[in-house]
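**Student:** Here is my input, please return the structure:
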Amino acid sequence: MPLDPGRAIVSSALRLLQVAAATLALALSCEARAATDIAWWHAMSGELGKQLEKLASDFNTSQSDYRIVPSYKGSYTETVTAAIFAFRSRSQPAIVQVNEVATATMTAAKGAIYPVYSMMRDMGEPFSLNDYLPAVSGYYTDASGNLLSFPFNSSTPILYYNKTMFRDAGLDPETPPKTWPELGVIAKRLRDRGAVCGFTTSWPSWIHVENLSAFHNLPLATRANGFAGLDAELTINNPVVVKHIAQLAEWQKTKLFDYSGRGQSAEPRFQNGECGIFIGSSATRADIKANSKFEIGYGMMPYWPDVKGAPQNSIIGGATLWVLRDRPREEYKGVARFFAYLSQPGVQAAWHQNTGYLPITRASFELTRAQGFYERNPGSAISFEEITLHPPTENSKGIRLGSFNLIRGTIEEELEQAFAGQKSAQAALDAAVERGNKLLRQFERASPDR
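**Tutor:** Next comes the predicted model:
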């Protein structure tokens, strides 16, 4: 029996409505399942930037609920400045990478930050501070031991030396100097055999004041290096630091030590064979290895053997990840998931191995060792061994001083005066303390919760 045309039209319309409804339901379902974007502003370029991008990409691939979106914003200073301006216009990212010397500044901005320990708890993400290395996590905790930001890229100074130059000078290429007096003797042998300089270093304040103090269990400042209050005062004009800077200034006269400038400007002098020994960041290990045409040896930072308790442990440099307030809750759920992902032993071990930065958990160190990485790459475990040499003390936990980036610049200005013979070590460090304390008082007055 032929189908009634009217019924056919109705039937066709119903089918179209069913298809449309199904299509709409599918679209709504897809929309509901769309990943939540999470902005991450960072300061890593070059190969390190590529490794950071890989971390984000791997996390995004591992699940479908969230998408980390990294954005390079320039230097550390440029990145944090951009985040501050963005916060004022309510366009801030959920995550921003901030260098370690700005920790006090970020901590003081209580209304702008979402402490990591609170966020992980609020989002129901499993989290235990005991999983992280105390020498790393301790730098970023509050007075109660709560983690304020997430440790990300952490490094510490180590000693590099040219094994070829050691052999030519009749030195044991398998034995790096352990103490500063030993380093002086070796530097003289290298100079006597024609080296342009015995040794040089990068980051003068970080190595010769900040880490020197920690490695000798000496306070950099009162009030537990600033952890116990904003009213801290510098103490770097003490006899041990004065003696150390005076010795460097004396060695400078004969190029046993040769000052090469601030930041990483000294590194190429070691790579091209001018200086037989270099003390610099553990995170530059891969770069040094790639650009040096000689066999490289590795050792811990030297110490003064007459200082009781030395060596203690070194402290970190690098940066950490801060979470900013006033983002949607769904983003914070993704941030918590991302931080849990970054803490996984396999993820952290790969980051450590590919960049030279410290592993932030003992589990990732043990995994790296089990994989044979340290055996295949001599010297790559020294940074971990140095920073975990002893449990950190109040003097070797880290630094929590306001405006420390400016203070570091002031210290380096005064060190340059001493190395140039224009001031005695005592006068230079006295001036650094006086000028640095003025900056601390300015920061204290400007802090709302002082």
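**Student:** What strand or helix carries Gln264?
**Tutor:** Of the helices and strands defined by DSSP states H and E, none includes Gln264.
**Student:** now the one 4 residues further on
**Tutor:** Pro268 belongs to helix 267-271 when assigned by DSSP H and E.
**Student:** Which positions within that helix qualify as buried?
**Tutor:** Of all the residues in helix 267-271, those buried under the rule 16 or more other C-beta atoms under 10 Å are Glu267, Arg269, Phe270, Gln271. C-beta coordinates here come from the backbone N, C-alpha and C atoms, glycine included.
**Student:** and the second one, what pLDDT?
**Tutor:** We note a pLDDT of 97 for Arg269 in this prediction.
**Student:** show me the contacts for it.
**Tutor:** Val196, Cys197, Thr200, Asp258, Ser260, Cys275, Phe278 (C-beta atoms under 8 Å, 6 or more residues apart in numbering).
**Student:** quick one: contacts for the closest residue to it other than its chain neighbours?
**Tutor:** By the measure of C-beta to C-beta, 6 or more residues apart in numbering, the closest residue to Arg269 outside its immediate chain neighbours is Cys275, 5.0 Å from it. Counting by C-beta under 8 Å, 6+ apart, Cys275 touches Ala195, Val196, Cys197, Gly198, Phe199, Thr200, Asp258, Ala266, Arg269.
**Student:** which stretches of the chain aren't confidently modelled?
**Tutor:** 1-33, 448-450 (pLDDT under 70).
**Student:** Which segments of it make up each domain?
**Tutor:** Annotated domains of the chain cover 36-154+317-376, 157-315+387-446 [the TED database].
**Student:** Stretch 103-116: how far from the chain's middle?
**Tutor:** Centroid separation for stretch 103-116 versus its chain: 17 Å, with C-alpha atoms, centre = their mean, to the nearest Å.
**Student:** Might one say that Ser260 is in contact with Trp203?
**Tutor:** No: the pair formed by Ser260 and Trp203 falls short of the contact definition of C-beta atoms under 8 Å, at 10.7 Å.
**Student:** next helix or strand past the helix or strand where Glu386 lies?
**Tutor:** In the assignment (DSSP H and E), Glu386 maps to helix 382-387. Counting by DSSP H and E, the next helix or strand C-terminal to helix 382-387 is helix 404-419.
**Student:** Just list what that following helix packs against, helices and strands only.
**Tutor:** Using 3 or more C-beta pairs under 8 Å, 6 or more residues apart in numbering; DSSP states H and E, the elements in contact with helix 404-419 are helix 204-205, helix 239-252, helix 425-446.
**Student:** who's the residue nearest to Arg269 bridged to?
**Tutor:** Beta-bridge pairing for Cys275 (DSSP bridges): Cys197.
**Student:** ok, now how distant is it from Ile316?
**Tutor:** 25 Å (C-beta to C-beta, to the nearest Å).
**Student:** Repeat that for His208.
**Tutor:** In terms of C-beta to C-beta, His208 sits 16 Å off from Ile316.
**Student:** Neighbour count for the two, which is higher?
**Tutor:** For His208 versus Ile316, neighbours defined as other C-beta atoms under 10 Å are more numerous around Ile316 (31 against 21).
**Student:** With adjacent residues omitted, what lies nearest to the more buried one?
**Tutor:** Ser154 (4.3 Å).
**Student:** same question, Gln97
**Tutor:** Of all residues not flanking Gln97 in the chain, His42 sits nearest, at 4.2 Å (C-beta to C-beta, 6+ apart).
**Student:** quick one, phi psi at the one you found?
**Tutor:** Dihedral pair for His42: phi -140, psi 170, per degrees, to the nearest 10.
**Student:** so how many other residues sit close to the closest residue to Gly145 other than its chain neighbours?
**Tutor:** Distances taken as C-beta to C-beta, 6+ apart put Leu129 closest to Gly145, at 7.0 Å, once the chain neighbours are dropped. By other C-beta under 10 Å, 15 other residues sit near Leu129.
**Student:** Thr235 now?
**Tutor:** Counted with other C-beta under 10 Å, Thr235 comes out at 17.
**Student:** who touches it in this structure?
**Tutor:** For Thr235, the contact set (C-beta under 8 Å, 6+ apart) comprises Leu218, Pro219, Leu220, Ala221, Thr222, Val433.
**Student:** gap between the last one and Glu233?
**Tutor:** Just to be clear, that refers to Val433. On the measure of C-beta to C-beta, Val433 and Glu233 end up 8 Å apart.
**Student:** related to what we said a few turns ago, considering the buried residues of helix 267-271, which is situated nearest to Arg329?
**Tutor:** Glu267 (44.4 Å; C-beta to C-beta).
**Student:** Can you tell me which of the contacts of Cys275 are classed as buried?
**Tutor:** Ala195, Cys197, Gly198, Phe199, Thr200, Asp258, Ala266, Arg269.
**Student:** closest to Leu439 among those residues?
**Tutor:** Ala266 (25.8 Å).
**Student:** still on that earlier bit, check which residues of the helix holding Glu386 are buried.
**Tutor:** Buried positions in helix 382-387, judged by neighbour count with 16+ other C-beta under 10 Å: Ile382, Ser383, Phe384, Glu386, Ile387.
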